[in-house]
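Trainee: How does the following fold in three dimensions:
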Amino acid sequence: MRKKISLLFITLGLFLLAAILFPLVVSQFRFILNEPVRLHDPVSPPRRPGLTILGSLTADYTQASNWFYPASLPQPQASPVTSFQITLARLNVNDVSVAVNGSDLKKSAIHYPGTALPGNFGNSVIFGHSSLPFLYKPGNPITIFNPLTKAKLGDEILINYDGKTYHYQIKKISEVSPKQLEVLDQDYSKKQLTLITCVPLGTYWRRLVLLAELVN
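Mentor: Take a look at the predicted model:
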């Protein structure tokens, strides 16, 4: 009987380990095989991100300014509101609070300072934290954007900002490295929305980027 119980616990442990490692390994291989060739400044080469699970000894990833490097928070834009809500109904992400010009991801998702405000021309960038899948809890700021990994092209994103509701539709889904700052760029010929979180879930290796455009 004891042998059976021991075998059961060993099997369960191996299953849990595989459930955690498999998506990380698959995602990393996919990134290596598809990462585009990029030219770097030989005078000041970017740092390479190390393996980080659930935290880091050198950076606080609950602060948005550490998600891309080298990067710093630009000057915030004037806004009549301090927060707004975002909804992705198909993913069961409902009325998630987004702090305007924020930085602290432990409290809520944040609108990245210096990017367009919702409904305006430009690119409104929103960061949200994610964590290991089994830690997910709806409404918890630390796992608030876990569901984004299941997003599909065409999914609708609703933004309730300053008493108005804006409808966006996802047009592009990609993964980038922390040195690819172009996802923060502003294109003032369009009204865009970009949602960003860390992947694989539970790590800070790369960034999942959902690019959407205003449809009404």
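
Trainee: Where do the helices of this structure begin and end?
Mentor: 2-34 (DSSP state H).

Trainee: pLDDT-wise, which helix or strand of it ranks last?
Mentor: Evaluated with mean pLDDT, DSSP states H and E, the helix-and-strand set of the chain has its lowest mean pLDDT in helix 2-34, which scores a mean of 62.

Trainee: Where is the longest strand in the chain?
Mentor: Ranked by residue count and defined by DSSP state E, the top strand of the chain is strand 164-176.

Trainee: Give the pairing partners of that one; include direction for each.
Mentor: strand 156-161 (antiparallel), strand 206-214 (antiparallel) (DSSP bridges).

Trainee: Next up, the contacts around the closest residue to residue 82 other than its chain neighbours.
Mentor: Beyond its immediate neighbours in the sequence, the residue positioned closest to residue 82 (CB to CB, 6 or more residues apart in numbering) is residue 100, lying 5.5 Å away. The way it works is simple: take the backbone N, C-alpha and C, and place the C-beta from them, glycine included. Contact criterion CB atoms under 8 Å, 6 or more residues apart in numbering gives 76, 79, 81-84, 111, 117 as the residues in contact with residue 100.

Trainee: picking up where we left off before, could I get the strands paired with strand 164-176 in a markdown table, plus columns for distance to residue 176?
Mentor: Output for the strands paired with strand 164-176, formatted as a markdown table (distance: least, CB to CB, whole Å):
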| stretch | distance to residue 176 |
| --- | --- |
| strand 156-161 | 19 |
| strand 206-214 | 5 |
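
Trainee: which stretch among those strands comes nearest residue 190?
Mentor: In terms of CB to CB, the element of the strands paired with strand 164-176 nearest to residue 190 is strand 206-214, at 6.2 Å.

Trainee: Only the C-alpha atoms, please, for the closest one, written as CSV.
Mentor: Listed next in CSV are the C-alpha coordinates belonging to strand 206-214 (Å, rounded to 0.1, in the frame of the first residue of the first chain):
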residue,chain,number,x,y,z
ARG,A,206,9.6,37.7,-23.7
ARG,A,207,6.5,39.9,-24.2
LEU,A,208,3.2,38.8,-25.7
VAL,A,209,1.9,41.7,-27.8
LEU,A,210,-1.8,42.0,-29.0
LEU,A,211,-2.2,44.8,-31.5
ALA,A,212,-5.8,46.0,-32.0
GLU,A,213,-7.4,48.8,-34.0
LEU,A,214,-10.4,51.0,-33.3
